[in-house]
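Engineer: I would like the atomic coordinates for the input below:
(one chain, ligands or ions: 1)
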Amino acid sequence: MAALECWRQGHDVRIIEKSSTRLLSGDGFTIGSTAIQALRHWPDLVEENERIAFHPWASWHKITGEKISGPAPLFGPTERKEETQNDGEEAPRTIYRHSRPKFHKMLADQAEKQGIYVEYGTRVVEYYEQSIAGKAGVVLGNGERIEADVVFAADGIGSKSSSAIMGHMVPARSTGFAIYRTAFPVELADADPMVRQRFKPLNDGTPVVEVWMGEGIRATLGRSYDEMSWTMNYPDDGEESESWSTLVDPETVLQKTANIPGWPEAGNRLIRLTPKERLHDFKLMWREPQPCWVSPAGRIVQIGDAAHSFLPSSGNGATQGMEDAISLATCLRLAEKNNLCWATRAHNKLRFERVSCLQLLGILNQETRHLSANAKANTVPTKPIGLMAAWIWRHNPERYAIENYEAARAHLEDGKPFQNSNIPPGHVYKPWTIDEMLRAIAAGELHLDGEWE
Ligand SMILES: Cc1cc2nc3c(=O)[nH]c(=O)nc-3n(C[C@H](O)[C@H](O)[C@H](O)COP(=O)(O)OP(=O)(O)OC[C@H]3O[C@@H](n4cnc5c(N)ncnc54)[C@H](O)[C@@H]3O)c2cc1C
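Structural biologist: Below is the predicted model:
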């Protein structure tokens, strides 16, 4: 997305990628309406996005599978009302779920249509910058160097760029949970009549995701039009890793479900049908919000997961990465060629507080809704906290950058006052740490000023 936006805004782009070919693994993610709206510049993407997206409803269950409520759309009547932005964009009326492989392919295909070909099998081992020459670069595994005016570090969690930006890698710590996750062709699941019946779509074809919740365990199980997918959050037993390539045998999962009283047979059958090479075991890690995404001379800038990792409960990892891409490409367009370092810094200023607020929502959802609290109270939320709030969807990262670039730059360069307005209205941003938030949540003392919902 960063390459596409840079191309659209007049920059020359090269993309380098360590994997030897397109990485079409992973299951699904949510793409928020700010990112969906941004596709409107690309008619082919608008069409393909609608073709590959699905819009599930959700039903809520005890860990025994007994239904508590639903199925219902993930948007209630208030969110579905006809509300328009001042440039005519509509409030989202549905949630966009996507297969990551299909979404990734869609963007990569579009880049190729613009003549941007990913250089696969190109691993970065180090980032560097030269402030006097006004250049930044990367050193590759084979010792070769590639230089540019600006280098985007979009290399995901554990980005190698942190050493050049902060002088150290960003420490990660366990949340205490890991997640099994998979997606595979729906025909494999449909082969079992109990599984087929249990997870069948509504009469009009709308897919339904079942959420099963118990103490320390939370599973989501459901289908899109052509894939069956399930996830299970479980207490981390110390053997997982934070990697999208760690696989696990379904038998290991079945050993866990054997110890969950009342766990439904349909769940076990689904797990048994899961292809081994499609079942991932991913450790859920926390990282403190990092306010600085830009190197000292302003020539290296982190975007996406490299700048800010999200818990799955935030539903925002891919969306915020795409917002970053649009904001950064816009700031670079607005800057003078000899002033690119201020473009990257201004982009960082315009983005960090918003992203940090969304990271906080992910923690809140994980801690208060998803696992322990629900299991004890035996009551289940029907929506994540705040994730459909207007301050989240009523944001256009390109317009925001255009309207605020100069003020953010003047704030950073000349010390003039500047307040972001892409965070909850009335909220005055204060730096926070994960421990402070966890303590406040546990004590029931977390008070967020402003309108978060
Ligand atoms: C294989 C994979 C599967 C995923 N599956 C899911 C999923 O099912 N659900 C979900 O919610 N999220 C998934 N994610 C994460 C999700 O895609 C991201 O949170 C989000 O899209 C933000 O994207 P990003 O571009 O910042 O980072 P990523 O999507 O992680 O992309 C980073 C890219 O940088 C490349 N890279 C890393 N290090 C180097 C290096 N040293 N040199 C060159 N290239 C490098 C990686 O190979 C990768 O292609 C997955 C990520 C990956 C990499």
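Engineer: which stretches of the stretch 151-300 of the chain form helices?
Structural biologist: In the stretch 151-300 of the chain, the helices defined using DSSP state H, counting those that start in this stretch lie at 162-166, 186-190, 193-198, 250-257, 265-273.
Engineer: CA atoms only for the fourth one, dumped as PDB, please.
Structural biologist: Backbone C-alpha positions of helix 250-257 (Å, rounded to 0.1, in the frame of the first residue of the first chain) are rendered in PDB as follows:
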ATOM      1  CA  PRO A 250      -4.000 -30.500  15.400                       C
ATOM      2  CA  GLU A 251      -3.400 -33.300  17.900                       C
ATOM      3  CA  THR A 252      -1.700 -30.800  20.200                       C
ATOM      4  CA  VAL A 253      -4.800 -28.600  20.200                       C
ATOM      5  CA  LEU A 254      -7.000 -31.600  20.800                       C
ATOM      6  CA  GLN A 255      -5.000 -32.500  23.900                       C
ATOM      7  CA  LYS A 256      -5.900 -29.000  25.200                       C
ATOM      8  CA  THR A 257      -9.600 -29.200  24.300                       C
END
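Engineer: pull out the buried residues from that helix.
Structural biologist: Residues P250, V253, K256, T257 are the ones in helix 250-257 that count as buried (16 or more other C-beta atoms under 10 Å). All C-beta atoms are positioned from the backbone trio N, CA, C, and that covers glycine.
Engineer: that one to helix 265-273, inter-axis angle?
Structural biologist: Per axes from the mean of the first three to the mean of the last three C-alpha atoms, to 10 degrees, the angle that helix 250-257 makes with helix 265-273 is 160 degrees.
Engineer: what residues are up against the residue in the stretch 151-300 of the chain that the ligand sits nearest to?
Structural biologist: Of all residues in the stretch 151-300 of the chain, G156 sits closest to the ligand, at 2.8 Å by C-beta to the nearest ligand atom. Counting by C-beta atoms under 8 Å, 6 or more residues apart in numbering, G156 makes contact with G304, D305, A306.
Engineer: reformat the helices of the stretch 151-300 of the chain as JSON lines; add mean pLDDT.
Structural biologist: JSON lines is the format used below for the helices of the stretch 151-300 of the chain (pLDDT from 0 to 100):
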{"stretch": "helix 162-166", "mean pLDDT": "96"}
{"stretch": "helix 186-190", "mean pLDDT": "97"}
{"stretch": "helix 193-198", "mean pLDDT": "98"}
{"stretch": "helix 250-257", "mean pLDDT": "98"}
{"stretch": "helix 265-273", "mean pLDDT": "98"}
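Engineer: need those in TSV (columns: distance to P289).
Structural biologist: Listed next are these as TSV, based on distance: least, C-beta to C-beta, whole Å:
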stretch	distance to P289
helix 162-166	13
helix 186-190	38
helix 193-198	40
helix 250-257	32
helix 265-273	35
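Engineer: mind putting those in CSV, distance to the ligand included?
Structural biologist: As requested, those are exported to CSV (distance: least, C-beta to the nearest ligand atom, whole Å):
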stretch, distance to the ligand
helix 162-166, 12
helix 186-190, 17
helix 193-198, 21
helix 250-257, 17
helix 265-273, 17
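Engineer: and the ones you listed: which comes nearest L358?
Structural biologist: Nearest to L358 among the helices of the stretch 151-300 of the chain is helix 162-166 (20.4 Å), distances taken as C-beta to C-beta.
Engineer: list the buried residues in that closest one.
Structural biologist: Within helix 162-166, the residues scored as buried using 16+ other C-beta under 10 Å are S162, A164, I165.
Engineer: can you give me how far it is from the chain middle?
Structural biologist: Taking C-alpha atoms, centre = their mean, to the nearest Å, one finds the center of helix 162-166 at 22 Å from the center of the full chain.
Engineer: could you count how many residues lie near the closest residue to the ligand within the stretch 1-150 of the chain?
Structural biologist: Across the stretch 1-150 of the chain, the shortest distance to the ligand (C-beta to the nearest ligand atom) belongs to G26, at 2.4 Å. Residues contacting G26 under the criterion other C-beta atoms under 10 Å number 16.
Engineer: could you do the one 4 residues further on as well?
Structural biologist: Look at T30: counted by other C-beta under 10 Å, it has 19 neighbours.
Engineer: same question for V13.
Structural biologist: Using other C-beta under 10 Å, the number of residues around V13 comes to 17.
Engineer: now it: how far from H347?
Structural biologist: 16 Å (C-beta to C-beta, to the nearest Å).
Engineer: follow-up on the earlier one: and of the helices of the stretch 151-300 of the chain, who's closest to P92?
Structural biologist: Among those, helix 186-190 comes nearest to P92, with 25.9 Å by C-beta to C-beta.
Engineer: and that closest one, C-alpha only, in CSV?
Structural biologist: The C-alpha coordinates for helix 186-190 follow below in CSV (Å, rounded to 0.1, in the frame of the first residue of the first chain):
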residue,chain,number,x,y,z
VAL,A,186,-14.3,-24.9,3.2
GLU,A,187,-14.8,-28.1,1.3
LEU,A,188,-12.5,-29.9,3.8
ALA,A,189,-14.7,-28.7,6.7
ASP,A,190,-18.0,-29.5,4.8
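Engineer: which elements pack onto that helix?
Structural biologist: When contacts are defined as 3 or more C-beta pairs under 8 Å, 6 or more residues apart in numbering; DSSP states H and E, helix 186-190 packs onto helix 193-198, strand 227-235, helix 265-273.
Engineer: got CSV for these, with mean neighbour count too?
Structural biologist: Shown next, in CSV, are the helices and strands packed on helix 186-190 (neighbours: other C-beta atoms under 10 Å):
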stretch, mean neighbour count
helix 193-198, 15
strand 227-235, 22
helix 265-273, 18
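Engineer: tell me which of those sits nearest to I63.
Structural biologist: Using C-beta to C-beta, the nearest of the helices and strands packed on helix 186-190 to I63 is helix 265-273, at 9.4 Å.
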